[in-house]
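Chemist: Sequence and predicted model, in that order:
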Amino acid sequence: MAEIGGQTDLGEESLEIWNKYKLLQFAILFSYILILIPQLSLFYIIVIFVITIFLLIAILNFLKRCSKNL
């Protein structure tokens, strides 16, 4: 939609955010393996939680820009 509307920068940013989201999902799946190491898994899950919050904020800001520009 962004590329059709002439907003190629939004299109590229949407692909970038989508790739970050997929990477985060793989990291979350990896946490199930790390549950076997309790000390490491607690730290890993906290880090994943913080990254999830930052990604959520980035997605919400992106959606706000999309609603203004498209």
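Modeler: Structure's in. What do you need?

Chemist: From now on I want contacts and neighbour counts done on CA atoms only, so please keep to that.
Modeler: Fine.

Chemist: Flag every buried residue along the helix or strand that contains residue 43.
Modeler: Using DSSP states H and E, residue 43 falls within helix 38-69. Neighbour counts over helix 38-69 (16 or more other Cα atoms under 10 Å) mark 41, 44-45, 48, 52, 55, 59, 66 as buried.

Chemist: same for it, what does it pack against?
Modeler: helix 8-34 (3 or more Cα pairs under 8 Å, 6 or more residues apart in numbering; DSSP states H and E).

Chemist: what angle sits between the helix it packs on and helix 38-69?
Modeler: Here the directions of helix 8-34 and helix 38-69 differ by 160 degrees (axes from the mean of the first three to the mean of the last three Cα atoms, to 10 degrees).

Chemist: nearest spatial neighbour of the spatially most central residue of the chain, skipping sequence neighbours?
Modeler: For the chain, residue 21 is the residue whose C-alpha lies nearest the centre (Cα atoms, centre = their mean; 3.3 Å). Spatial nearest neighbour of residue 21, chain neighbours left out: residue 55 (7.5 Å); criterion: Cα to Cα, 6 or more residues apart in numbering.
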